[in-house]
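# sharing a sequence plus its predicted fold:
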Amino acid sequence: MRTAKEIDYWDKVYARKYNVGLKKINLDGLNGFDKVFFSDGIFVLCGLNGVGKSTIIAAIKDVLGLQLTENDSYKLKNSVIKAEFQGETMIQCTNIQDGRLIDKQYNIENIYFLDSLVSQRYQDFVYIRNILRI
């Protein structure tokens, strides 16, 4: 993507008004994390292998009410996770049954999660398909 087009793309993303945003997640000591605070819009988690990026993502998926993988469940170790979402009002959620964002009458269709491994498998499939002309 050319730099000018890339800048235009990100300007549009930041100009979009999001109805609900994740403000804080409390991992209560899980993997050494207590509270993680998030800024508005798009955020990025980065760090070395093994520092807990995927644990934070698993916790976010759990409080949203998205389906967890076996690996996600293993990382969370039955921990109680709490989160705050800011919309028109503050929405407090937890990963306990009936406490997730989806349980609070929020339309889960407005949340899109793309697992990087799934994305990579799809890209590999398209690449191989194009080479083999299937």
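Received, thanks. Numbering: from 1, shown residues only.

# where in the protein is pLDDT low?
Scanning the chain for pLDDT under 70 picks out the ranges 1-7, 9-10, 12-19, 41, 108-134.

# what ranges does it have for its helices?
Listed in chain order, the helices of the chain (DSSP state H) span 3-15, 53-64, 70-76, 116-132.

# stretch 81-97: end-to-end distance?
12 Å (Cα to Cα, to the nearest Å).

# give me the buried positions along it.
81-86, 91, 93-95 (16 or more other Cβ atoms under 10 Å). (Each C-beta comes from the backbone N, C-alpha and C, glycine too.)

# mind picking the two most distant members of those residues?
Gln86 and Asn95 (18.6 Å; Cβ to Cβ).

# what residues does Gly32 make contact with?
Gly52 (Cβ atoms under 8 Å, 6 or more residues apart in numbering).

# separation between it and Tyr74?
Gly32 sits 17 Å away from Tyr74, going by Cβ to Cβ, to the nearest Å.

# next one: Leu22
For Leu22, the distance to Tyr74 - Cβ to Cβ - is 23 Å.

# and these two? which has more neighbours close in?
Between Leu22 and Tyr74, counted using other Cβ atoms under 10 Å, the more crowded position is Leu22 (22 against 11).

# which residue packs closest to that one, ignoring adjacent ones?
Excluding the flanking residues, the one nearest Leu22 by Cβ to Cβ, 6 or more residues apart in numbering is Phe38, at 5.0 Å.

# close enough to count as contact, the one you found and Val20?
No - assessed by Cβ atoms under 8 Å, Phe38 is found out of contact with Val20, at 12.0 Å.

# ok, the two, which is more surrounded?
Of the pair Phe38 and Val20, Phe38 is the one with more neighbours under other Cβ under 10 Å, namely 19 against 15.
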